[in-house]
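Q: what's the 3D shape of this:
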Amino acid sequence: MLGLVPIFVAVVLAFLQVAAFGLTAHAANQAVRDGARAASLGRSVPAAVDASLPNGLRTAQITYPAGAVRIEVPVPRIAIFPSFTVTRQAVMPRTAP
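A: Next comes the predicted model:
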């Protein structure tokens, strides 16, 4: 029974890493949409993206390819698992003021 403890710990840590990835992907989706909306209205994209991301998450990079907004957000690293980066891109049509 005691030999199963390391396996149980590894499974729990893997679950936490998957949950962190899911949370980061969801937050990045919302942040890139908010950034694209800000770009379409002529507002500050980095400010909109940073305001949309929850505490503890930050953008590694914000780019503007062909009228779109593209962000990269690193996934929080749990224990021994490798680091991942979530990349999202969104486009919103420009609206006239």
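
Q: quick one: strands adjacent to the strand or helix carrying Glu72?
A: Using DSSP states H and E, Glu72 sits in strand 69-74. With DSSP bridges as the test, strand 69-74 is paired with strand 61-63 (antiparallel), strand 85-90 (antiparallel).

Q: got the ones you listed as JSON lines, with distance to Pro54, mean pLDDT and mean neighbour count columns?
A: Any C-beta I mention is one placed from the backbone N, CA and C, and that applies to glycine too. Below are those laid out as JSON lines (distance: least, Cβ to Cβ, whole Å; pLDDT from 0 to 100; neighbours: other Cβ atoms under 10 Å):
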{"stretch": "strand 61-63", "distance to Pro54": "17", "mean pLDDT": "95", "mean neighbour count": "14"}
{"stretch": "strand 85-90", "distance to Pro54": "13", "mean pLDDT": "96", "mean neighbour count": "16"}
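
Q: how far off centre is the strand holding Glu72?
A: Offset of strand 69-74 from its chain centre (Cα atoms, centre = their mean, to the nearest Å): 7 Å.

Q: need the residues that contact that strand.
A: 24, 27-28, 31-32, 35-36, 39, 45, 49, 53, 57-64, 83-91 (Cβ atoms under 8 Å, 6 or more residues apart in numbering).

Q: tell me the confidence at the residue nearest the centre of the chain?
A: Nearest residue to the geometric centre of the chain (Cα atoms, centre = their mean): Ala28, 3.3 Å. With respect to pLDDT, Ala28 scores 97.

Q: which parts of whichever helix or strand it is part of are buried?
A: Under the criterion of DSSP H and E, Ala28 resides in helix 5-40. For helix 5-40, a neighbour-count test (16 or more other Cβ atoms under 10 Å) marks 17, 20-21, 23-24, 27-28, 31-40 as buried.

Q: the very next helix or strand once past that helix vs helix 5-40, what angle?
A: Of the helices and strands lying after helix 5-40 in sequence (DSSP H and E), the nearest is helix 45-52. Relative orientation of helix 45-52 versus helix 5-40 (axes from the mean of the first three to the mean of the last three Cα atoms, to 10 degrees): 140 degrees.
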